[in-house]
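Enquirer: Here's a sequence, model it:
(one chain, ligands or ions: 2)
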Amino acid sequence: MDSNLPCNKPLLVVLSGPSGVGKDTVLQKMREMQIPMHYAITATTRPKRPGEIDGYHYYFLSVEEFKKKIEQGEFLEYANVYGNWYGSPKSPVIRALKEGKDVLLKLDVQGARSVRKDFPEALLLFLAPPSIEWLKYHLRARKTETPEKLRAREEAALEELKAADEFDYVVLNRDNDVESVVREIVEIINREKSSRCLGRPQESSVSR
Ligand SMILES: Nc1nc2c(ncn2[C@@H]2O[C@H](COP(=O)(O)OP(=O)(O)O)[C@@H](O)[C@H]2O)c(=O)[nH]1
Ligand SMILES: Nc1ncnc2c1ncn2[C@@H]1O[C@H](COP(=O)(O)OP(=O)(O)O)[C@@H](O)[C@H]1O
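Expert: Ligands and ions are numbered 1, 2, ... in the order given. Next comes the predicted model:
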């Protein structure tokens, strides 16, 4: 398949949204539903959470290792998020796109902005919570942050929610119905791919 034809051109998709909104949950469901994408693994200096696997959830690096990768130009983008470093290794993303695969990058709002700048044709999706209370409850219930870190993430979330209108689509997470959220994301990706096929401009909208 000639991935250079606009109809088969692989899409770089960014999934962003505030901490605790459900990004990992949606990604996990996409993998379970075997949605065919390259799920980019990014690097972080954040300590591993219980149950997280190095090389699957993240590449867990020391600050020194991370900075060395920055110096070697290995990241497509990187950012300091909630006090830890995060960065997207470039070569696996470029390789997957060249192989004709759609790529999914789970990034914070800063990372999404960087991708928008460097890859204007990328599709930026913002996952929004059903409500602020829902977000606060689930971030707290996840029990992954110290009280201080929790406060920092809650404050950051309010700022990040304001950035939603910078994205191509805002997808609402639905309580106990992640599958329908995945179906909606797949529909958006397919719609964007076909509209690029026909050379139509991208349309932004809040998809309900
Ligand atoms: N800019 C950027 N953000 C990333 C990268 N990897 C993960 N993130 C984002 O960093 C933020 C914090 O991630 P994490 O500590 O796993 O917390 P979570 O959002 O509560 O699951 C989330 O918004 C992630 O999407 C990356 O490579 N670059
Ligand atoms: N649609 C949903 N319905 C119910 N609980 C959800 C849903 N999406 C996420 N959660 C829960 O909310 C918490 C935060 O989700 P997570 O995927 O870790 O968010 P993020 O990766 O955006 O930080 C987790 O405990 C997760 O199980």
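Enquirer: How about the residues of this structure by ligand 1?
Expert: 19-20, 23-24, 42, 46, 77, 79, 81, 86-88, 106-108, 110-111 (CB under 6 Å from any ligand atom). For the C-beta atoms, the positions are set from N, CA and C on the backbone; glycine is no exception.
Enquirer: Please pick the buried ones from these.
Expert: 19-20, 23, 42, 46, 77, 79, 81, 86-88, 106-108, 110-111 (16 or more other CB atoms under 10 Å).
Enquirer: List just the nearest of these to Leu124.
Expert: Proximity of those to Leu124 (CB to CB) peaks at Leu107, which lies at 9.1 Å.
Enquirer: Verify the contact between that closest one and Gly87 for me.
Expert: No: in terms of CB atoms under 8 Å, Leu107 does not count as a neighbour of Gly87; the distance is 9.9 Å.
Enquirer: Which residues of the protein lie near ligand 2?
Expert: Close to ligand 2, as judged by CB under 6 Å from any ligand atom, the chain has residues 17, 19-25, 138, 141-142, 173-176, 178.
Enquirer: Name the residues that touch stretch 114-129?
Expert: For stretch 114-129, contacts defined as CB atoms under 8 Å, 6 or more residues apart in numbering pick out 11-18, 20-23, 26, 76-77, 79, 105, 107, 112, 135, 138, 161, 163-164, 166-173, 181, 185, 188-189, 192, 196, 202.
Enquirer: which ones among those residues are found in helices?
Expert: Those of the contacts of stretch 114-129 mapping onto helices are Lys23, Val26, Ala112, Leu135, His138, Leu161, Val181, Ile185, Ile188, Ile189, Glu192, Arg196, per DSSP state H.
Enquirer: What's the local residue count around Leu76?
Expert: Close neighbours of Leu76, defined as other CB atoms under 10 Å, add up to 23.
Enquirer: no wait, Val109
Expert: 24.
Enquirer: Pull the contacting residues for it.
Expert: Counting by CB under 8 Å, 6+ apart, the residues that Val109 touches are Ser16, Glu160, Ala163, Glu166.
Enquirer: Now with 7 Å, please.
Expert: Residues counted as contacts of Val109 (CB atoms under 7 Å, 6 or more residues apart in numbering) are Ser16, Glu160, Ala163.
Enquirer: pLDDT wise, what is it at?
Expert: Listed pLDDT for Val109 reads 97.
Enquirer: Thanks a lot, catch you later.
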